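3D model of this:
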Amino acid sequence: MKLVILDRDGVINEDRDDFVKNTMEWVALPKSCDAIANLTQAGWHVVVATNQSGIGRGLFDMHALNAMHEKMHRLVGQAGGRIDAVVFCPHTADDQCHCRKPQPGMVEDIMARFNVRGEGLPMVGDSLRDLQAIAAVGGRPLLVKTGKGLRTLEKGGLPEGTQVFDNLFTAADYLINLEN
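Purely as a prediction, here's the structure:
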């Protein structure tokens, strides 16, 4: 099974320092929905793994998060794509849970649900914690320069083997052509 994990904020949609808290603030990045559609049409399963500490901070509730994800699913569907699952961590960093990236809990959950191995499993993210979560299971870290990606790249310290792309569209194109 061809499966790719995507971070949400900064990869699929615009990120905000004050958190994306509602559907009005959830704005798709250019060509991100097309990228997911291209992956879907090339036989890839797409899963989103996202830290959502805004819930733990009381900035928004599950109703607002579900509405944001419904919007994301609708826009991806209109582009001809599909997101197979969305996995999220509602905790703050202070909670020290195993599911919050950079911990690999969400990735491990996805691996179990979809019966895939970590080795070589690609994950596209814009922050070091995304890359660390996938590297912890032997996966393939892909950094995009959107969202916090440029700052992440400038800081360095990326996991070994991290590949860098301008955006989700170019990362998706790479994955699709890798299979051909």
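
Please make it C-alpha for all contacts and neighbour counts, starting now.
Will do.

Quick one: end-to-end length of stretch 37-47, please.
Start and end residues of stretch 37-47 are separated by 13 Å (CA to CA, to the nearest Å).

so how far is that stretch from its chain's centroid?
14 Å (CA atoms, centre = their mean, to the nearest Å).

Quick check: buried residues in that stretch?
By 16 or more other CA atoms under 10 Å, the buried positions in stretch 37-47 come out as 37-40, 42, 44-47.

Kindly indicate which of those lies nearest Val27.
Using CA to CA, the shortest approach to Val27 within the buried residues of stretch 37-47 belongs to Ala37, at 17.0 Å.

so who does that closest one touch?
Ala37 makes contacts with 76-77, 79-82, as judged by CA atoms under 8 Å, 6 or more residues apart in numbering.

Nearest to Val4 among the buried residues of stretch 37-47?
For the buried residues of stretch 37-47, the nearest to Val4 is Val46 (5.2 Å; CA to CA).

and that closest one, backbone torsions?
Main-chain torsions, Val46, degrees, to the nearest 10: phi -120, psi 130.
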